[in-house]
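Visitor: My questions concern the predicted model and sequence given below.
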Amino acid sequence: MKAPNPIAFTAFGIDVMWYGVLIGLGFCLAIILSYTRAPQFKIKSDDIIDFAIFLIPISIICARAYYVIFSWDKYRGDIAAILNIRGGGLAIHGGIIGGMLVAIGFCYFKKIRFFDLADLIFPTVALAQAIGRWGNFFNSEAHGGPTNLPWAIEVNGQMVHPTFLYESIWCLMLFIFLSWMSHRRSFSGQIACLYGILYSIERALVEQLRTDSLMIGPLKQAQVLSLCIIIVCIILYSILKRKYKTGSGVN
């Protein structure tokens with residue numbers, strides 16, 4: 001199967017790319033679901049709109065900056081290329097880091113518990129990822145190495161692993177699982193930690209198949225970061241759970 005035309009439509013002489021359409025759709029669904037579920041986490045629904053106003057631009061900027069930093073040889077001295085995100089080049093880890101920074105500042109000023117907001121947001125982040133990954137398909141990027149599997153896709157005349165599809169399916173299942181767990185949440189921070197652990201396990205495994213990974217020297221940075229996130233989230237999960245059981249934590 002070949003990737004279709006990356007251009008969704010043309011308006012006023014400007015090509016609108018599927019990459020941007022799908023990322024935008026993911027953001028919109030995440031905001032809508034978070035808005036409707038906010039009271040479950042003792043957060044005002046209107047606060048989600050305020051949060052989104054800051055979250056969307058800053059997370060996109062951070063996702064792009066992260067990608068450019070780890071691909072500096074490609075973008076060195078080319079400002080136009082750095083600013084051109086229409087053809088792809090957003091790193092989810094950068095977006096999450098940016099989103100977390102916005103969340104910390106937002107919770108401080110709004111007097112919202114950070115882990116409540118994180119538990120609310122992260123299931124919808126997984127859904128947004130499941131949708132946004134299809135933008136990689138339209139751009140013929142973020143794919144794996146050669147394979148003869150029945151579900152292989154064709155890129156540059158070669159059949160390769162559709163790693164975007166693997167992650168999309170995993171993130172969709174992760175969204176369903178975390179949404180289900182949200183109704184059974186024992187302590188604040190539980191859902192956010194589960195997201196960090198489960199997404200990072202998938203990312204570390206799928207990254208091994210990819211041929212366009214961002215690198216830290218000889219190592220794939222996504223795998224290094226994923227391993228760090230898994231360790232931190234397991235430790236944090238244990239601490240928060242222990243505090244809840246001893247009554248020193250707040251549910």
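Guide: All right, it came through fine.
Visitor: Apart from its chain neighbours, what residue comes closest to the residue nearest the centre of the chain?
Guide: Within the chain, the residue whose C-alpha comes closest to the C-alpha centroid is residue 92; the distance, by Cα atoms, centre = their mean, is 4.4 Å. For residue 92, ignoring the flanking residues on the chain, the nearest one in space by Cβ to Cβ, 6 or more residues apart in numbering is residue 129 at 6.4 Å. For glycine as for every other residue, the C-beta is placed from the backbone atoms N, C-alpha and C.
Visitor: which element follows the helix or strand of the chain with the lowest mean pLDDT toward the C-terminus?
Guide: Considering only helices and strands, the least confidently modelled element of the chain by mean pLDDT, DSSP states H and E is strand 215-216, at a mean of 83. Remark: after strand 215-216, the chain's next helix or strand is strand 219-220, criterion DSSP states H and E.
Visitor: strand partners of that following strand, parallel vs antiparallel please.
Guide: strand 215-216 (antiparallel) (DSSP bridges).
Visitor: rewinding a little: for the strand or helix carrying the residue nearest to residue 92, name the packing helices and strands.
Guide: In this structure, residue 129 sits in helix 114-132 according to DSSP H and E. Using 3 or more Cβ pairs under 8 Å, 6 or more residues apart in numbering; DSSP states H and E as the contact test, the elements touching helix 114-132 are helix 18-37, helix 92-110, helix 163-182, helix 190-207.
Visitor: That helix versus helix 190-207: what angle between them?
Guide: Angle of helix 114-132 versus helix 190-207, following axes from the mean of the first three to the mean of the last three Cα atoms, to 10 degrees, is 40 degrees.
Visitor: Pull the residues that contact the helix or strand following helix 114-132.
Guide: With elements assigned by DSSP H and E, the helix or strand that comes after helix 114-132 is helix 134-138. When contacts are taken as Cβ atoms under 8 Å, 6 or more residues apart in numbering, the neighbours of helix 134-138 outside the stretch itself are 3-6, 17-23, 88, 142-143, 153, 162, 164-165, 168.
Visitor: No further questions, thank you.
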